[in-house]
Structure formats: C-alpha cells, structure tokens
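In: need coordinates for the following:
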Amino acid sequence: MKLVVQVKLLPTPEQASALDATLRACNTAASEVAATAREIGCYRNYDLRKHTYQNIKTGHRLGAQAAQHVIKKVCDAYKTLTANLLNSRYGKPGSRRRRTVETNPVTFRWDAAQPYDARMLSWQYDTRTVSIWTVGGRVKNLAFTGSPDQLKALATLPVGECDLVHRDGMWFLYASVEVPEPDLIDPAGFLGVDMGIVNIAYDSDGTRYAGAKLNGYRRRQQRLRQRLQAKGTQSAKRLLARRRRKEARHAANTNHVIAKTIVTEAARTGRGIAVEQLTGIRDRVRLRKPQRVTLSSWSFHQLGTFLAYKARRAGVPLAEVDPRYTSQTCNRCGHRDKRNRLNQETFTCRSCGVVAHADHNAALNIAHRGAESWGAVSRPHVA
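Out: Have a look, this model is predicted:
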C-alpha cells in the first residue's frame with residue numbers, strides 16, 4: 001500500500017527563489033492548458049498532450065517531464081471536477097454556482113503543488129539533501145529534514161512520485177512510499193464503531209472518543225469565525241484563513257488519534273473493525289438547524305479513511321455495514337422501534353427492557369452486522 005511522507009525543505013534564499021519561479025511557471029502553464037482543454041473539449045491526458053505539449057514546454061521553459069506532469073495535473077483536476085459535479089458538490093443543475101463551474105476553465109494558484117518523478121528529483125539520504133529540477137536548472141544540495149520515522153521510511157522504502165508544496169512560507173516535499181501490507185488476520189469477532197455528532201466515535205466496548213471537550217472546542221471556534229466574518233476587514237480575513245488551517249490540523253490530529261486507538265485495540269484483541277457506511281450522510285440525515293453546522297464541521301470521511309488505511313497496515317479486517325436502524329434496534333433481542341430511542345443518550349428497549357447508552361447500543365449492532373457480513377464473504381457458498 002502507498003503512504004505519503006512529508007519532509008520539510010531548508011532552502012537557501014537562492015534555492016527558494018528557484019523553487020518559487022518553478023511553481024509559478026508550472027502553474028501558469030497549467031492554467032493555460034486548462035483553458036485550452038475547456039475550449040476544445042479535450043480532457044484525456046494523451047490527447048491533450050498533442051495540443052499543448054510543445055507550447056508550454058518552449059513558452060514556459062519547462063522540461064519534458066515537467067510539461068507532461070503539468071498536463072496530467074490538469075486532466076486529474078477535470079476528473080475531480082466531474083466527480084464533484086456528479087455528486088452535486090457545486091449545487092443542483094441550473095444553479096448559478098454550478099453553471100459557473102461547468103463553463104469556466106479550471107485555474108491554478110501560483111503555489112499549487114507540482115508533481116515530480118525520479119527523473120526530476122533524486123535523494124541523498126546520507127547527507128539529507130535532494131537534487132531537484134527547476135526552470136533555472138538543477139538545484140543540488142537542497143537540505144531537508146523530518147521526523148525520525150519519516151526519514152527512516154524514505155531511506156528504507158521504495159519512493160515513488162513526489163509533490164513540491166509551498167505552504168505558509170515554507171517548502172515541503174510529499175513523497176509517496178510503498179509499504180508492505182500484511183495478511184489479514186482471521187478475526188475473533190468485531191469491534192463496532194458508531195460515529196456521531198455528540199460523540200465523534202463510540203465503540204462496542206463502551207469507549208467514548210472525543211465527546212464534550214471537543215464539541216466545546218468546536219463551538220468556540222465557530223463563535224470566533226462568526227465574529228471575524230462579521231468584521232469583514234482584510235486582517236480579519238487573513239486571520240480566518242490561518243484559523244481554518246489550524247482547525248483542519250486539529251481535526252486531522254484528533255481523527256488520527258481516534259483511528260490509531262481503535263485499530264490498536266482491535267489488533268490487540270484479535271478482532272476486526274465494523275463501521276457504518278457514511279456515504280451521503282449529510283443528504284440522508286435530518287437535523288435541527290443548530291446541529292447542521294456541527295455535522296458539516298467535522299470530517300467523518302477523513303476518520304473513515306484513517307481507520308481503513310491503519311487497519312490495512314495492521315492486518316485488521318474492516319467491514320462497512322448498513323447503518324439503517326442501528327440506533328432504533330435492541331442489540332439484545334433485536335426489537336426495532338423508533339420509541340426505543342428516548343433521547344440522544346438513552347436507549348430503552350420496549351420489548352425486553354434493556355437500558356443502554358444509545359451510541360453504545362448502536363455500536364453493538366454495528367459489530368453484529370460486521371460479523372455477519374464478514375462471515376457471508378469469508379465462508380464458501382454451500383449449495
């Protein structure tokens with residue numbers, strides 16, 4: 001499986017100037033290619049190369065590999081745009097925002113990430129430097145640093161494509177590495193995980209992840225955003241951008257910690273992990289107005305992604321199950337009734353009388369469904 005390793009570059013002023021000029025040239029060329037692609041209606045990599053390769057290579061001093069990566073980057077951007085349109089991420093058909101996206105070409109910021117391959121970038125692990133292509137020529141002895149785990153991964157694992165990234169005045173390389181994937185264990189049961197608004201996650205062992213403390217943090221950040229948005233000055237907008245990045249880092253770190261804890265517990269007890277399918281959760285769930293902001297302010301998809309790749313690295317099976325009625329069904333007797341869910345926190349079965357935390361009950365149901373689905377997949381069909 002592929003993982004991404006981030007290392008920080010430590011360029012001199014001259015090296016930083018060369019990297020800056022390279023990103024500007026590549027992304028200016030990418031915007032031109034995107035405009036051409038929209039004009040002629042051509043979005044396939046090989047076909048688009050026939051129309052744009054020579055122009056951007058000579059007009060922007062790009063090398064052959066860099067020009068090809070620019071064209072591929074444009075094709076990938078349009079592929080992502082098409083997928084977002086199909087998923088109604090830009091509004092309903094006919095809406096103003098959707099019409100704008102459908103008619104205008106994709107544009108690239110001057111500091112958008114630029115892909116590099118092995119012909120454009122080489123690593124010197126003993127001296128912790130890289131040799132990297134720029135529009136002004138090859139820049140050698142460009143120092144980099146990272147955590148011990150990141151440096152070890154770069155030195156010991158096969159390195160694939162890298163991305164040159166400029167963020168907050170700093171330079172980074174995001175390198176994809178190939179990590180050996182262990183065989184999946186034969187699970188002795190499943191650990192169910194229920195994801196929600198009040199509690200980000202609640203497992204079938206009764207462990208609650210990121211409850212009141214995190215929600216208090218999110219409400220505080222929301223109030224700060226509202227005050228800054230109401231102010232409307234340029235300095236307020238800059239502060240909003242910094243806070244947005246800070247909140248994203250906080251959310252990613254929290255999701256990493258939750259996912260790592262769940263996978264570690266499942267691996268320790270020899271179980272698999274069962275999670276609910278969250279596709280379309282924002283369209284499916286009906287909430288009161290104050291809850292809508294809370295639902296949209298947390299990346300449940302990111303948490304699911306972290307769980308998936310960490311489980312694969314640990315050899316832990318992951319099963320996605322149908323989440324319907326898990327909060328209304330008794331995990332003991334199977335009786336389903338909307339009235340079983342008294343409130344957000346309390347579940348009381350009207351058939352057998354069991355009383356439980358509503359999220360814990362849902363997690364137990366998810367664990368049962370995970371075991372059933374895994375057994376149906378892993379057991380051979382008997383006629």
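In: switch to C-alpha atoms for all contacts and neighbour counts from now on
Out: Noted.
In: how about the strands in this protein?
Out: 2-10, 114-116, 121-124, 129-134, 137-145, 159-167, 170-178, 190-195, 201-203, 208-209, 272-276, 318-321, 346-348, 355-357 (DSSP state E).
In: care to break the chain down by domain?
Out: Per automatic domain parsing, the domain ranges recorded for the chain read 12-115, 121-178, 190-378.
In: of the ones you listed, which is nearest residue 2?
Out: domain 121-178 (4.7 Å; Cα to Cα).
In: start and end of that closest one, how far apart?
Out: By Cα to Cα, to the nearest Å, the extent of domain 121-178 from end to end equals 17 Å.
In: over to stretch 139-154?
Out: Stretch 139-154 has its terminal residues 20 Å apart, counting by Cα to Cα.
In: cool, stretch 312-327 as well?
Out: Length of stretch 312-327, first residue to last, Cα to Cα: 28 Å.
In: chain center to that stretch: distance?
Out: With Cα atoms, centre = their mean, to the nearest Å as the basis, stretch 312-327 stands 18 Å off its chain's centre.
In: ditto for stretch 85-105
Out: Distance, stretch centre to chain centre, for stretch 85-105: 22 Å (Cα atoms, centre = their mean).
In: now do that stretch: everything it contacts.
Out: For stretch 85-105, the surrounding residues in contact (Cα atoms under 8 Å, 6 or more residues apart in numbering) are 34-35, 37-38, 84.
In: repeat that with 10 Å
Out: For stretch 85-105, contacts defined as Cα atoms under 10 Å, 6 or more residues apart in numbering pick out 31-39, 78-84, 280.
In: tell me which helix or strand of this protein sits lowest on mean pLDDT?
Out: helix 281-284 (a mean of 53; mean pLDDT, DSSP states H and E).
In: quick one: low-confidence residue ranges for this structure.
Out: The model of the chain has pLDDT under 70 over residues 211-212, 278-298, 376-383.
In: ok, now which ones touch residue 346?
Out: Residues in contact with residue 346, defined by Cα under 10 Å, 6+ apart, are 340, 355-361.
In: swap that for residue 333, sorry
Out: By Cα under 10 Å, 6+ apart, residue 333 lies in contact with 349, 351-354.
In: what do you get for residue 163?
Out: Counted by Cα under 10 Å, 6+ apart, residue 163 has contacts 4, 6, 112-117, 172-176.
In: kindly report the same for residue 168.
Out: Contacts of residue 168 (Cα under 10 Å, 6+ apart): 242, 245.
In: now it: phi and psi?
Out: Torsion angles at residue 168 (phi, psi; degrees, to the nearest 10) stand at phi 50, psi 40.
In: against residue 111, how distant is it?
Out: From residue 168 over to residue 111 (counting by Cα to Cα), the distance is 10 Å.
In: before we move on, the earlier item: would you reformat the domains of the chain as a markdown table and include distance to residue 184?
Out: Below are these laid out as a markdown table (distance: least, Cα to Cα, whole Å):
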| stretch | distance to residue 184 |
| --- | --- |
| domain 12-115 | 31 |
| domain 121-178 | 18 |
| domain 190-378 | 4 |
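In: just to revisit the earlier point, I'd like to know which of the contacts of residue 333 are buried.
Out: With burial judged by 16 or more other Cα atoms under 10 Å, the buried subset of these is residue 349.
In: follow-up on the earlier one: widest-spaced pair of the contacts of residue 346?
Out: Every pair of the contacts of residue 346 checked by Cα to Cα; the farthest is 340 and 360, at 13.6 Å.
In: what about stretch 358-374, distance to the chain center?
Out: With Cα atoms, centre = their mean as the basis, stretch 358-374 stands 25 Å off its chain's centre.
In: can I get the CA coordinates of it in PDB?
Out: Taking Å, rounded to 0.1, in the frame of the first residue of the first chain, the C-alpha atoms of stretch 358-374 are listed here in PDB:
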ATOM      1  CA  ALA A 358     -27.800   4.900  22.700                       C
ATOM      2  CA  ASP A 359     -24.400   5.100  20.900                       C
ATOM      3  CA  HIS A 360     -23.100   2.000  22.700                       C
ATOM      4  CA  ASN A 361     -26.200   0.100  21.600                       C
ATOM      5  CA  ALA A 362     -25.700   1.300  18.000                       C
ATOM      6  CA  ALA A 363     -22.000   0.200  18.100                       C
ATOM      7  CA  LEU A 364     -23.000  -3.300  19.300                       C
ATOM      8  CA  ASN A 365     -25.500  -3.600  16.400                       C
ATOM      9  CA  ILE A 366     -22.800  -2.500  14.000                       C
ATOM     10  CA  ALA A 367     -20.400  -5.100  15.500                       C
ATOM     11  CA  HIS A 368     -23.100  -7.800  15.000                       C
ATOM     12  CA  ARG A 369     -23.600  -6.800  11.400                       C
ATOM     13  CA  GLY A 370     -19.900  -6.700  10.800                       C
ATOM     14  CA  ALA A 371     -19.500 -10.300  12.000                       C
ATOM     15  CA  GLU A 372     -22.500 -11.400   9.800                       C
ATOM     16  CA  SER A 373     -21.200  -9.600   6.700                       C
ATOM     17  CA  TRP A 374     -17.700 -10.900   7.200                       C
END
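In: good, we can wrap up now.
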